[in-house]
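**Q** Sharing a sequence plus its predicted fold:
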Amino acid sequence: MTDFDVIVIGAGPAGLAASLAAEKKGKRVLLVERAARMGGILNQCIHDGFGLIRFGEKLSGCEYANRYINEVRASKVEVSLLTFVTRIEKKDDIFHITLVSRSGIRIVTSTALVLSTGCRERTAKQVSIQGTRPAGVFTAGSAQYYLNILGEMPAKKCVILGSGDIGLIMARRLTLEGAEVIGVYEVKPTPSGLTRNIAQCLDDFDVPLHVSHTVTRLYGESRLTAVEIAQVDEKMRPIAGTEQIVECDTLILSVGLIPENELAETLDIELDPKTKGPVCDQNYETSQVGVFVCGNALHVNDLVDYVSESGDVAGSAAADYCGRKRELVDIIAGKDFAYAVPEKLDVNSEASKTVVFFRSRDVRDKTEVDVLVNGESVYKRKFMKLKPPEMERIVVDFSRVKVGDRISLEMWEA
Amino acid sequence: MVKEIICIVCPNGCSLRTEKNDGEVTVTGNKCPKGEEYAKSELLCPQRTLTSTVATAFSEHPVLPVRITGAIPKGEIKIAMLEINKIIVDTKLKCGDVIVKNFMNLGVDLVATDDVDIY
Amino acid sequence: MNVDKINKKLKENGFTDFSVRESPEGLVLEGESSNWNDIVNAGFCTAKKFGKIHVINDARYTGDEIPPMRRPELNDKAIDGLYPDVLVIGGGIVGASIARELMKWDLDVLLVEKEYDLALGASGRNDGCVHPGIDLVKGSLKQKYNLAGNRMFDRITIELDVDFDRCGQSVAFDSEKLLPLMHLSKIYFRLMGLGKVRVFNQKQLHAFEPAVREELKCGMFFPTGGIVCPYNLTIAYGENAVDNGAKLSLNTAVLGMEIEGNEIISVNTNRGTVYPKVVVNAAGVFAENIAKMAHDRFYSIHPRKGTNTILDKKTARFVNTSYTLRGGEVKKEGNTKGGGIVRTIDNNVLVGPDAVETYKKEDFTTEDKNIAAVFEKQSKATEKISRGDTITYFSGVRAPTFEEDFIVEKGRKIRNIVHAAGIQSPGITAAPAIALDISKMCVELLSECGEKVLRNSKFNPKRHGIPRVARLSDKERSALISQNPDYGEIVCRCEEISRGEIIDALNRSVPCDTVDGVKKRCRPGMGRCQGGFCGPNVAKIISEQKNIPLENVCKGDDKSGLLFGRSKGGDRND
């Protein structure tokens, strides 16, 4: 007998949904969170636009989180806050999880495990910015935490590198709070964030966006005094002679998110090099049976609504998990896809409504996405526009797929 | 006056070319009627929602996230921020509690979007 | 020394803009150039490998303005009027270890450092290798102190409660032709006291370090090599010195000295004037400047920058020891001489450093091309290192003399100064042994003028470091958390550092109130997210512990504030 049927690690939107889904199936659930409160990064997302799909309303991040937090509080889910998972071991098909908290060390067991550990931000050093190492270089998420949680201004006059959504949101937040945002610089030839964020966060405040530009160097011994900005070529390498010095006291980086899978790695879970998250089937079960993954730990989502959805799927699948034998078929995304999730289909499991998320590799007009089983189309959909920053969701019926079949995703000009 | 705006109604992100003459707006570049609608409201009376934080009297929770309950004219946003910055919350509000009723006489309320007592 | 011969050599080597003259202090290099490398190379051309005569570089660099020393803005009288027995200038590994060694005597010791913390120069910016001392010139001070220092490391690190791993050092070669020579040198190294030095054939090499490239043919292993965290060792020395009564004054730059006859009377700093009986010059890249102030300049320092890259912990499983590639076709290649791949004491992998001559003594900037060159070179040893796994990179500036040897001796013209100068690699390894000799010299100088210097019977060599909670067994960890629940609250998720450890770092005998100071002492922010998550929480803990507003918390020096004040709050904004 295990202590819990399901242990969920991480109480962000994915973990909240997963623990509720498992609890609704009558399971004993433990939700572990390292911060002092549930909600994860949503707590610092005070802007609105969350929940349009789930709740048909535009909520702020905290409001969206609070809906789930209140539901979890009212449920039988046991929540352990300020608790850190230091070790996961699997012995005789049972997970032994070591938890450290202010009350000491606790080892708990469970039948199934859900990893909803979110993602982290890429740093200045990971995008090879050179020069000095001054104060005033923040990831967008850290700057957001300082401003929205601690109520402190991280910048007076700043440059933002990367047009990811958090970067764009921070451009607006900082401007509204009285800082000067000199510009947003994006190394790619197209913006990384959602179009509506470019319109409402940059255009509204006359913040210029410079694509095909990057920050190459930092100046300032103590606090940042300036950055060097250069134009880049088609391979995103700085072009000599295009450098310009822009004076600023702060550089904010929104240069990409990486799923956090350090715990998954300790369990030897296979990762997808494209998503940087675990390879999984339609129930979000990973290569390690009994371990499920959801939210941004699986792949970086643009909408929290989809994060919650993946939590539902992973949580209820974890609740149903009974060590059943899986039979997996690969889902192979063609070269025009940046990635597709899931990467596998378990043919022994319900497959009539398989949700497939994907991103295109490039910006494309009028495209038909075709899902093929053994070369025969089982699903087609036309898209007026596909952009890498905008994740697409399709629902495909794979109920007739058998072991040995080949599933592939292709896209062509429509 | 000619102005280029990007439509944000759907992911197509059409580049809309707008022209305003004597209060009449003409729109080209839109692939659907929603684009025209969007462009007209943007040119004639752009509306925005606003989220921010207000200071609290509680050191463990120095700021409280807030928002206004509906869109207000874009031109009022700056003044609204100045008003919001003056507020100090000294009661333990809950998510959804109204901080200022009929904020700046704009017909919207300023509400808390989180609890002061979060733990 | 025949100066004409040197001048002829300079001419022959094309250094026509330079000349050398003999002075009572040494060989004075004169001339000018707009190319710094010309000056450095003329210095090398002038230098004699052995002996007590050093190159004094008076050649004028006309290319660029040489930046002045960074100095604290602070001006107060915190140490004004102190009469220490010994004033140690420089809070690097050399100065800190000397201060601690001096505390074994009943002496009044003052250690001054111009930066806000210890180990901010080369001591905090190197690869942390404790070298076996294999490739040093026989009879050099480098070799002497390397061998002696290496032997002291087990005891010192136990006393100071600093992690040390004698994992050994390996060298891989790409040519089998070297094998017979290696077998000969093995005997020599063993006789030198380097323990069970081993020679590997190709199979043995790959069994020992599986990540080295297949085409590498043979190698050697030196069991006395090791790794240590160089800044933690420096801080530990400093803390133990202070615990035993040494005074430490940070943010204190030496600005001048009053000399009378052959004696330093007083030393002027931005925090007041002090009147030491003996001065120790451990000022690193600025040792020559201190020597000049003391009217005892008989050597020159030419700064040499090196850049290291730290890779994610997941790479560490490929590296058993620290290793380098030598020989065969891989020769000294411009600026990338030396360096290697090191598994650090905290289980990251460090790649580097390179070596670039510079006229800027405090140029800690990094350059993409230098890092790329280091990776290109080190990739010849293994393909397992990738810039894609980079966590961070940093530069340090070494402080070599033109003779490329250490200077560990009493003043030549000035009676009451001792120099520990020109200390570069293997400075970390050598420091414990250098400290022993320098402290003896100080005691001799004090005794010479009639002081009776007694042993400090109260000296306590033991220091207790900050507990590394994540490394404890479950039982020990539980016990610690029940004593203090802060040890159970993880703040830095990448490195698994608790609030308790951070609070400890802020409350030790060497003061620390900065984000970088905390990071060095107990590692929050050292991991793959580089403080993205824990940064704000660490800042908050500093603010609470030190009772200062958040906006006054600094990353490093007092001009490196993180924040600009509260965003909200009506009159609280003012």
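**A** Good, I have the coordinates.
**Q** which other residues reach stretch C:206-221?
**A** C:168-176, C:178-179, C:182, C:185-186, C:197-202, C:204-205, C:318-321, C:323, C:325, C:328, C:380-384 (Cβ atoms under 8 Å, 6 or more residues apart in numbering or on different chains). No exception for glycine: its C-beta is placed from N, CA and C like everyone else's.
**Q** Give the buried residues for that stretch.
**A** By 16 or more other Cβ atoms under 10 Å in any protein chain shown, the buried positions in stretch C:206-221 come out as C:H206, C:F208, C:E209, C:A211, C:V212, C:L216, C:K217, C:C218, C:G219, C:M220, C:F221.
**Q** Please apply the same query to stretch C:355-372.
**A** Here stretch C:355-372 shows C:355-359, C:361-368, C:370-371 as buried, counting by 16+ other Cβ under 10 Å.
**Q** Can you turn the buried part of the contacts of stretch C:206-221 into a PyMOL selection?
**A** Burial among the contacts of stretch C:206-221 is assessed by 16+ other Cβ under 10 Å; the matching PyMOL selection reads:
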select buried, chain C and resi 168+169+170+171+172+173+174+178+179+182+185+186+197+198+199+200+202+205+318+319+320+321+323+325+380+381+382+384
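**Q** Give me the contact list for the helix-or-strand element of chain B with minimal mean pLDDT.
**A** Within chain B, no helix or strand scores below strand B:2-6, which has a mean of 85 by mean pLDDT, DSSP states H and E. Applying Cβ under 8 Å, 6+ apart, the contact partners of strand B:2-6 are A:195, A:198-199, A:203, B:13-20, B:39, B:42-43.
**Q** Narrow these to just the buried residues.
**A** Buried by 16+ other Cβ under 10 Å: A:T195, A:I198, A:A199, A:D203, B:G13, B:C14, B:L16, B:T18, B:A39, B:E42, B:L43, out of the contacts of strand B:2-6.
**Q** among those, which one has the lowest pLDDT?
**A** Ranked by pLDDT, these bottom out at B:G13 (75).
**Q** wait, that one sits on A:K385?
**A** Yes: contact criterion Cβ atoms under 8 Å: B:G13 and A:K385 qualify, at 6.9 Å.
**Q** hang on, the earlier thing: next step: the contacts of strand B:2-6 restricted to strands.
**A** Those of the contacts of strand B:2-6 mapping onto strands are B:S15, B:L16, B:R17, B:T18, B:E19, B:K20, per DSSP state E.
**Q** Redo those residues as a markdown table? Include distance to A:V369.
**A** Below are the ones in strands among the contacts of strand B:2-6 laid out as a markdown table (distance: Cβ to Cβ, whole Å):
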| residue | distance to A:V369 |
| --- | --- |
| B:S15 | 24 |
| B:L16 | 27 |
| B:R17 | 30 |
| B:T18 | 32 |
| B:E19 | 36 |
| B:K20 | 39 |
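**Q** Quickly name whichever of those residues is closest to A:I97.
**A** B:S15 (52.1 Å; Cβ to Cβ).
**Q** pLDDT at the closest one, what is it?
**A** pLDDT for B:S15: 84.
**Q** Not counting residues beside it along the chain, what's closest to it?
**A** B:G29 (5.3 Å; Cβ to Cβ, 6 or more residues apart in numbering or on different chains).
**Q** where in the stretch 101-250 of chain C is pLDDT low?
**A** Scanning the stretch 101-250 of chain C for pLDDT under 70 picks out no residues.
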